[in-house]
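Asks: My questions concern the predicted model and sequence given below.
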Amino acid sequence: MWMAWPEIFSFVVIVIGFIISVATRSAIISYITILLCGLYFGRMWFNVQKTIKAPWLLIIFCFLLGYLFGNFYGDPKVIIILFILGMIGGFYTFHKKWLIIN
């Protein structure tokens, strides 16, 4: 059971991504939401940078996949680009110590 935690958590994250995406009713709100989610996942990537990255990469990919499945208003290419930019921004914000949260 404990060996399958990435798959279980990835399924939960797919559902969460889908619900968040369906809850946004406009393209602008969808873009802002995915950018903020990218910032959060960039922070998460910074926190796990010294561990095995494959399970966390699966979780991040599954969230983005769930978000794209539930997206009805925004362009998928823009959503992917904003998510990646948010992740990069979130990672470097903590890497450069511009924002310190325990």
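Replies: Looks like it arrived, so ask away.

Asks: before we move on, what SS does the closest residue in space to residue 25 that isn't next to it in sequence have?
Replies: In this structure, residue 25 finds its nearest non-sequential neighbour in residue 73, 7.0 Å apart by Cβ to Cβ, 6 or more residues apart in numbering. The way it works is simple: take the backbone N, C-alpha and C, and place the C-beta from them, glycine included. Using DSSP: H, G, I helix; E, B strand; the rest coil, the structure places residue 73 in coil.

Asks: before we move on, what about residue 51?
Replies: coil.

Asks: List the backbone torsions phi and psi for the residue nearest to residue 25.
Replies: Main-chain dihedrals, residue 73, degrees, to the nearest 10: phi -110, psi -30.

Asks: from the middle of its chain, how far away would stretch 11-26 be?
Replies: 11 Å (Cα atoms, centre = their mean, to the nearest Å).

Asks: now swap in stretch 89-102 and tell me
Replies: For stretch 89-102 - counting by Cα atoms, centre = their mean - the centre lies 16 Å from the chain centre.

Asks: Pull out the buried residues from it.
Replies: Of the residues in stretch 89-102, 90, 91, 93, 94 count as buried by neighbour count, 16 or more other Cβ atoms under 10 Å.

Asks: same check, this time on stretch 16-26
Replies: 17, 18, 20, 21, 24.
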